[in-house]
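Engineer: Output the structure for:
(2 chains)
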Amino acid sequence: MTTAPSPTEVEPDPAGAPTGARRSRPADDGDAAGLGRWRATGFVAPALLVIAVFLVFPAIWTLYLGLTNWRLTGLAAAEPEFVGAENYTDALSDPAFRNSLVLTLAFVFFSAIIGQSMLGFALAWTARRLRPAVRSVLETVVLLAWIIPASVVAFLWLALLDRREGTLNALLGTDGTAWLLEYPMQSIIVFNIWNGTAFSMLLFSSALASVPPSQFETAKMAGAGTFATLRDVVLPNIRGHILTNTLLITLWTFNVFAPYLITAGGPQGRTEILGVYIYRVALRDGALGQGAALSLIMIIINLVVASVYLRLLRERRS
Amino acid sequence: MRIKTGLGGTAGLLAVALVLAACGNDDDGGTAGGDPSQNADATEVTLTITDNAIAGGKNSEGAAWITDYVIPEFTAMQEAKGVDVTIEFEENGVDDEDYKTKIALDLQSGSGGDIISIDGIWTGEFAEAGYIAPLSDIAGDAVDDWDGWEQIPDAVQQAMSFDEQVYGIPVGTDGRVIYFNKDLFAQAGLPADWQPTSWDEILEAARALKQLDGVTPLQINAGVPMGEATTMQGFLPLLAGTGEQIWADDAWTGASEGLTQVLDFYGQVYGDEALGDPLLQQEAQGRDTSFQLFASGQLGILIEGDYLWRGVINPDGGIAPMANRDEVVGWAKIPAREPGAGIDGQDFVSMSGGTGRVVNPNTEFPQQAWELMMFMNSPEAFEALIAGGGARITPRDDVNAQALAGDPLMSFIAEEVLPITAYRPALAVYPQVSVALQEATGEVAAGTPADDAAQTYLGELEGIVGDDGSIAD
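Structural biologist: Numbering: from 1, shown residues only, chains lettered A, B, ... in the order given. You can find the predicted model right below:
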């Protein structure tokens, strides 16, 4: 399978070029669209402006806030002082931050990379062979988990896992088990898998549909088992999709906040993943400056993750 | 360095998970009140009341009072003067900590209701931040001319004051007692007129209750999820019972003997004997659950304020109504660690706080907002509030004199508890210290030895107030 070329890789015919120029391309003057410098600028300007206002400026502003002791209330709210890199060094040496980072990595690894990808793929793989009616029921159910608002979902999960009157305890006969306190990380990992699998399932469904049926047929005739088919036919075909899926769900899961609605970071900070930790520091404890510093660290981690994936994707293409 | 006007603007929303908004300019919220006479003659006025009260939920009787009494009455009064007033009521029904975050963000961005209800203990930090202003800066001479001030005792006014300036009008004060379930006590062979005189007697009663099936004997609030309820209903009354206060002689109490004794008591409650349920202290909604357990007769002993009586287990409009409240629920004064060990050598102790209302310095209608404040704090208004939702200790002596007579618990608090009570320090950093205390109690409840938790607390305290002699040894 060939990866669809991205628009930038396509050499469009220069506008107004003579028809016979198909073979002899004009020298690349960097103006492929033939708009001219000013009109091109005009086209790009709104996008650049939006990026500047909503991305670059807040990022710089956050960097700046992270250098102050700005607080939500008190004297430091009215007159924040410049404290240099203190917030950053404090954060990096704070056990609570490191704890939070480790929890986040575990959360991403187990709930997104392992859980959502695997389950999403398994569902997509199984659904292929189901009758269309059954398949659409399955997809609807999985999708529902994804599209119901987080606050509603959180309420459902609280009811499910409640210690005294929870549905799960009633089903399992484990009366009095405080799932959210005894297995807090496991609970939010399962929750996030349940909540986000739909995306992986949809993506893998379409990926599997793009595998040429002839290859399946060939594999079948060669007597390949399911595992061999997956390894030698499916995997090579959908590797790009796997990378894209992993990139997106890694970033989403890294930044997810919904577990706060279920455990609020507790008990004793045991589910305090980064987003929740920053919320606690910045808004519950009121240390806005420190929260800004933490946010910037979080952005940098995001950028690193994204650039690693993007590099992998690019290498695959070339 | 100061964040200058104009640098503000649309700061904020950073990438993904975090919404760290810093909207608005620095000058809104920073100015100490605008022009008191602004819009004084307006004939079309819109005012918003913000409160942590909501119909059918938290403080529902307060919400009903605003909707059914304050708004129609005040609107009619103004109409008679030819002023067309529209009052909006912004209801909330959330934890105090969430409410505080919300209104702090409101005020910081120069918005928010015209009259806002806040906990008295936030006055200092909000005033220092420039979010609220002295009432007379906002509404001018009309404030000093109000005849209601004479009816509010100085100690109660103090709750809404900071640096000798009055920032708001208190809604009242409160007191904390030990509640117990007489039915459970009878089953465990304990007296119905129980009055422990030491911590040991509390533990003994709890041990007796432990024999009953399906009953959590005792709850002393602990941990961060319960927020200020941990400090006010748990740690501080106990600390007062050791003869210490969290702030005394211009210094914060560090890992002192009394502090360690309190934490050790937590260890006894939540440790091996499991007289309390440590998991309940860690649940995100643990306090609400404890209310429900108490209301359904599954929790024996609980330290709480009069809010429990009038707002939670009140058969008429409480959030966990208890139909047989008046027969089943008993109360006692909180004992010192041992007789005479409390602050000022007292045998019994309590803690008091109180909420109040402030006028938003950004209000467009300072005079009308103040008029509404006066109306909400008039004797008639308090009487209407009491008529609608049972007795409460109002700030006004003239109202209290008759209002409390009908309610045994409220009179008990007014007569027996208020004389021995203590208050939290009106300092801007107190809420941070409070969080450090909540963390320490939470750690002990989860199994950390008291000494270790005390040392962790001391480290936190040094981080908050600095290590410059402002911590007592």
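Engineer: What's the mean pLDDT across stretch A:200-220?
Structural biologist: For stretch A:200-220, the mean per-residue pLDDT is 89.
Engineer: what's the burial count for residue 302?
Structural biologist: I went with chain A, as the question did not name one. 18 (other Cβ atoms under 10 Å in any protein chain shown). The C-beta positions use only the backbone N, C-alpha and C, and glycine is treated the same way.
Engineer: That was the other one, I meant chain B.
Structural biologist: 24.
Engineer: do the same with A:T167
Structural biologist: Neighbour tally, A:T167, other Cβ under 10 Å: 13.
Engineer: residue contacts, it?
Structural biologist: A:A159, A:L160 (Cβ atoms under 8 Å, 6 or more residues apart in numbering or on different chains).
Engineer: Okay, it and chain B: tell me how far apart.
Structural biologist: 17 Å (Cβ to the nearest Cβ, to the nearest Å).
Engineer: measure that residue to A:L143 for me?
Structural biologist: The span separating A:T167 from A:L143 equals 22 Å under the rule Cβ to Cβ, to the nearest Å.
Engineer: try B:T231
Structural biologist: 45 Å.
Engineer: Ok, B:D277 next?
Structural biologist: Taking Cβ to Cβ, one finds B:D277 at 39 Å from A:L143.
Engineer: what does B:G267 give?
Structural biologist: Here the criterion is Cβ to Cβ. By it, B:G267 lies 50 Å from A:L143.
Engineer: And A:I51, by the same measure?
Structural biologist: Counting by Cβ to Cβ - A:I51 and A:L143 are separated by 31 Å.
Engineer: do the same with A:L65
Structural biologist: For A:L65, the distance to A:L143 - Cβ to Cβ - is 39 Å.
Engineer: So B:G267 and A:L143 - more neighbours on which side?
Structural biologist: Shown here are B:G267 and A:L143; by other Cβ under 10 Å, B:G267 has more neighbours (20 against 16).
Engineer: host element of that one?
Structural biologist: Using DSSP states H and E, the element containing B:G267 is helix B:257-270.
Engineer: Okay, domains of chain B per the record?
Structural biologist: B:15-173+B:354-406, B:176-351 (automatic domain parsing).
Engineer: Which of these comes out lowest on mean pLDDT?
Structural biologist: Among those, domain B:15-173+B:354-406 carries the lowest mean pLDDT (a mean of 84).
Engineer: how distant is that one from the center of its chain?
Structural biologist: Put simply, domain B:15-173+B:354-406 sits 15 Å off its chain's centre (Cα atoms, centre = their mean, to the nearest Å).
Engineer: What of stretch A:283-293?
Structural biologist: That offset, for stretch A:283-293, works out to 24 Å (Cα atoms, centre = their mean).
Engineer: what's the span of that stretch, first residue to last?
Structural biologist: 14 Å (Cα to Cα, to the nearest Å).
Engineer: just stretch B:81-101 next, same as before
Structural biologist: Using Cα to Cα, the distance between the terminal residues of stretch B:81-101 is 38 Å.
Engineer: who touches the residue most central in space within chain A in this structure?
Structural biologist: For chain A, A:W252 is the residue whose C-alpha lies nearest the centre (Cα atoms, centre = their mean; 2.4 Å). By Cβ under 8 Å, 6+ apart, the residues touching A:W252 are A:A112, A:G196.
Engineer: Around chain A, pick out the residues from the stretch 101-250 of chain B.
Structural biologist: Neighbours of chain A within the stretch 101-250 of chain B, by Cβ under 8 Å from any Cβ of the partner chain: B:101, B:104-105, B:108, B:122, B:124-126, B:128-131, B:223-225.
Engineer: Farthest pair within these?
Structural biologist: Checked with Cβ to Cβ, these reach their widest spread between B:G130 and B:G223, with 32.3 Å between them.
Engineer: Quick one: the strands in the stretch 351-473 of chain B, in order.
Structural biologist: Listed in chain order, the strands of the stretch 351-473 of chain B (DSSP state E, counting those that start in this stretch) span B:355-359, B:421-423, B:471-472.
Engineer: Comparing the ones you listed, which comes out most buried?
Structural biologist: Ranked by mean neighbour count, those are led by strand B:355-359 with a mean of 26 (mean count of other Cβ atoms under 10 Å in any protein chain shown).
Engineer: and that one, which strands flank it?
Structural biologist: strand B:115-119 (antiparallel), strand B:168-170 (antiparallel) (DSSP bridges).
Engineer: Who's the closest spatial neighbour of B:A426, skipping the chain neighbours?
Structural biologist: B:G124 (5.4 Å; Cβ to Cβ, 6 or more residues apart in numbering or on different chains).
Engineer: wait, that neighbour sits on B:W247?
Structural biologist: No. The criterion here is Cβ atoms under 8 Å, and B:G124 misses it with B:W247 at 11.9 Å.
Engineer: Whether the helix or strand bottoming out on mean pLDDT in chain A contacts chain B - can you check?
Structural biologist: Within chain A, confidence by mean pLDDT, DSSP states H and E is lowest for helix A:75-78 among all helices and strands, at a mean of 83. Yes. Judged by Cβ under 8 Å from any Cβ, helix A:75-78 comes into contact with chain B at A:L75, A:A77, A:A78.
Engineer: Check these against chain B and report the nearest one.
Structural biologist: A:A77 (3.4 Å; Cβ to the nearest Cβ).
Engineer: Now for the residue in the stretch 351-473 of chain B positioned nearest to chain A, how many residues are close by?
Structural biologist: In the stretch 351-473 of chain B, no residue comes nearer to chain A than B:A428, which is 4.5 Å away by Cβ to the nearest Cβ. Counted with other Cβ under 10 Å, residues neighbouring B:A428 total 23.
Engineer: Pull the residues that contact the one helix or strand A:E217 maps to.
Structural biologist: Under the criterion of DSSP H and E, A:E217 resides in helix A:213-221. Outside helix A:213-221, the residues that touch it by Cβ under 8 Å, 6+ apart are A:A228, A:T229, A:D232, A:V233, A:N237.
Engineer: from the residues you listed, which ones fall inside helices?
Structural biologist: A:A228, A:T229, A:N237 (DSSP state H).
Engineer: coming back round to it: next one: the residue nearest to the centre of chain A from B:Y69, what distance?
Structural biologist: 49 Å.
Engineer: Between B:G124 and B:W247, which is the more surrounded one?
Structural biologist: A side-by-side neighbour count of B:G124 and B:W247, using other Cβ under 10 Å, places B:G124 first with 23 against 18.
Engineer: what residues are up against that one?
Structural biologist: A:G74, B:F162, B:A426, B:L427, B:A428, B:Y430.
Engineer: and the second one, how many neighbours?
Structural biologist: Neighbour count of B:F162, defined by other Cβ under 10 Å: 22.
Engineer: circling back: may I see the residues of helix A:75-78 next to chain B organised as a markdown table, with neighbour count added?
Structural biologist: Below are those laid out as a markdown table (neighbours: other Cβ atoms under 10 Å in any protein chain shown):
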| residue | neighbour count |
| --- | --- |
| A:L75 | 18 |
| A:A77 | 25 |
| A:A78 | 20 |
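Engineer: May I see these arranged in JSON lines, with distance to A:R284 as well?
Structural biologist: JSON lines is the format used below for the residues of helix A:75-78 next to chain B (distance: Cβ to Cβ, whole Å):
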{"residue": "A:L75", "distance to A:R284": "19"}
{"residue": "A:A77", "distance to A:R284": "15"}
{"residue": "A:A78", "distance to A:R284": "20"}
